[in-house]
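# Curious how this folds, go ahead:
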Amino acid sequence: MKIVLVFISVFTLITLPHASYSDEQRDVNFACSVFPPFITADQTAPGITPEILEAALKSVGRTSSFQNFPWKRAFQLTETGAVDALCGCSYAVDREDIFNFSDTLGVHSQGLFFSDEFKGKTTGHLNELGSTRVATVRGYAIEKELEKNGITSIGAVDNSQLLKMLLKQRVDAIYTYRDVIRFELKSQSPGTKLPYFELSSQPFYSCFSKKAPNSNALVQEFNRGLRIIKQNGTYSAIWEKYSPKD
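Numbers count the residues shown, from 1 in each chain. Have a look, this model is predicted:
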């Protein structure tokens, strides 16, 4: 019996460090949803968020991988622990049970863009929209915000489709993120300026799945890397590279 116990103890000492080492060496994998300029489909310039995530993890000796999916699919993959984290997401109370939120990656200005042909009342208050036809991207936290204010919105697959709906006057207004639409506008309709009313500014995060291996340790490791790149100037340089120019 003593021999068996000694064998088990030695075996445990050998295998446990190896398992920990393997986890430290693997890629941290992220599910992303195209959201220019924050997340793009261009592998050579993947966007603000992936570049920040990659740089932060690299600063603490970790590698990372990224794959783009439609928003709902990316959310589902992260929720179930099939990937380690969502590239970026906003905070919502009902997400606390499924995600560990990283430190703040940045701030989104969110509000209403109106069609330049809209003849009704333009406003920066949701409770003043009345019968205004409003659209937003399905699955975003701001869709639920509209619902809470009693506003039935028209759903779009992504921000590219959302802007097309507004430019073609299928809706009167869209509720979304300022920098994303301004970035889209430059490719879809250069020179066009749309009335914009900010309703709020919200921080955004990377959301680490609580079902993924070592989620708590991973988000702490990432946060340490994020502090490093904020101090050494890498973080600011990434934002400047992608900031939409008027």
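# alpha carbons only for contacts and neighbour counts from here, please
Fine.
# Now tell me which helix or strand of this protein has the poorest mean pLDDT.
helix 2-25 (a mean of 42; mean pLDDT, DSSP states H and E).
# contacts for the following helix or strand past that helix?
Going down the chain from helix 2-25, the next helix or strand is strand 28-32, by DSSP states H and E. Applying CA atoms under 8 Å, 6 or more residues apart in numbering, the contact partners of strand 28-32 are 39, 62-69, 71, 74-75, 77-78, 83-88.
# just stretch 225-243 next, same as before
Counting by CA under 8 Å, 6+ apart, 37-38, 47-48, 51-53, 55-60, 103 sit against stretch 225-243.
# Could you dump those into TSV with neighbour count and distance to residue 121 added?
Shown next, in TSV, are these (neighbours: other CA atoms under 10 Å; distance: CA to CA, whole Å):
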residue	neighbour count	distance to residue 121
37	23	30
38	22	31
47	22	35
48	24	35
51	17	40
52	24	39
53	25	41
55	23	45
56	26	45
57	23	47
58	16	49
59	17	50
60	15	51
103	18	38
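# Looking at those, which is nearest residue 173?
The closest of those to residue 173 turns out to be residue 37 (CA to CA; 21.3 Å).
# Phi, psi for the closest one please.
phi -90, psi 10 (degrees, to the nearest 10).
# Any figure for the gap between it and residue 26?
Applying CA to CA, to the nearest Å, the value for residue 37 to residue 26 is 28 Å.
# Can you flag the buried ones in the contacts of strand 28-32?
39, 62-64, 66, 68, 71, 74-75, 77-78, 83-88 (16 or more other CA atoms under 10 Å).
# which ones among these are found in helices?
71, 74, 75, 77, 78 (DSSP state H).
# what about residue 231, how many neighbours?
Neighbourhood size, residue 231 [other CA atoms under 10 Å]: 11.
# scratch that, residue 25
Neighbour tally, residue 25, other CA under 10 Å: 11.
# Now do the residue nearest to it when sequence neighbours are not counted against residue 242, distance only.
Closest residue in space to residue 25, ignoring its immediate chain neighbours: residue 62 at 7.0 Å, by CA to CA, 6 or more residues apart in numbering. For residue 62, the distance to residue 242 (CA to CA) stands at 24 Å.
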